[in-house]
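[1] sequence and predicted model, in that order:
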Amino acid sequence: MKIATFNINNINRRLPNLLAWMRAAKPDVVALQELKASDGEFPAEAIEKAGYGAVWRGQKTWNGVAILARNAEPVLTRDRLPGRPDDHEARYIEAAVRGIIVTSIYLPNGNPQPGPKFDYKLDWFARLRRHAKTFLKQDLPVVLAGDYNVAPTEIDIYPTHSWDKDALVQPESRAAFASLVEQGWCDAIRALHGEERIYTFWDYKRNRWPRDAGLRLDHLLLSPALVPRLARAGVDKTVRGEEGASDHAPAWMVLK
């Protein structure tokens, strides 16, 4: 079972890129972020024609998350993160697919920091940790997939000081991610690739893609029930170099 996470950065604008990647990679489940489309603008017909069922929660202009399943219909279990009823941003969705609960997370960026947006990021992280803990208490097979907007350690960002003030690399952001993992979650890519520098995001600015000046922001965290099944994991890096590409590349893992 191949599960991927992909910040598509506007699903309608980059629909040809998404469909071409799905035809080539054949993921069984795809968590998408940054749809940048309202519910009614989601390209459900094209996704279905490609052989995927889908659940989604859109948002005009920004945000938006979805879960796709190949030759299956995802069963929606939640379309927002609990803990704050006044939060209407479309950043979280979860669904059951073939006996596994899969999320699509689009964690707040948090810039500029310090400030209200960074406070929102840390609060959102705290809510995610509380919700994630309920899965572990029930010993459920869960994959927390998504764009966490955190480069967890120094090896998850190219050697530079240009991002030092960015919310993606602040000690508080990294501590929040570490605290989540320490609940008992397994970072699939790090578990199989050790200290290798692997990136999932290359900003459009400053020639960062040609220079391989990337960050690892997109993560697949497995609950203990799934760890024995983890066989492979990686990033389809070449997707980032295609015409009209998102600034992210798909991260994926295979469960045996």
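    Now that the structure is in, tell me what you want to look at. Treat the numbers as computed from the prediction; the structure is a model and nothing was measured.
[2] state the mean pLDDT of stretch 54-65.
    The pLDDT scores in stretch 54-65 average 96.
[3] what's the end-to-end length of it?
    End-to-end distance of stretch 54-65 (Cα to Cα, to the nearest Å): 11 Å.
[4] give the buried residues for it.
    Neighbour-count burial for stretch 54-65 flags 54-59, 63-65 (criterion: 16 or more other Cβ atoms under 10 Å). Just so you know, the C-beta spots here come from the backbone N, C-alpha and C atoms, and that holds for glycine as well.
[5] just give me the residue closest to the centre of the protein.
    When Cα atoms, centre = their mean is applied to the chain, the residue found nearest the centroid is Gly146 (1.5 Å).
[6] in a helix, that residue, correct?
    No - applying DSSP: H, G, I helix; E, B strand; the rest coil, one finds Gly146 to be strand, outside a helix.
[7] OK, contacts around it?
    Shown in contact with Gly146 (Cβ atoms under 8 Å, 6 or more residues apart in numbering): 5, 31, 33, 65, 103-107, 218-219.
[8] which ones among the residues you listed map onto strands?
    Judged by DSSP state E, those include 5, 31, 33, 65, 103-106, 218-219 as members of strands.
[9] I'd like the residues you listed as CSV, with distance to Glu73 appended.
    Output for the ones in strands among the contacts of Gly146, formatted as CSV (distance: Cβ to Cβ, whole Å):
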residue, distance to Glu73
Thr5, 20
Ala31, 16
Gln33, 21
Val65, 17
Thr103, 17
Ser104, 16
Ile105, 21
Tyr106, 22
Asp218, 25
His219, 26
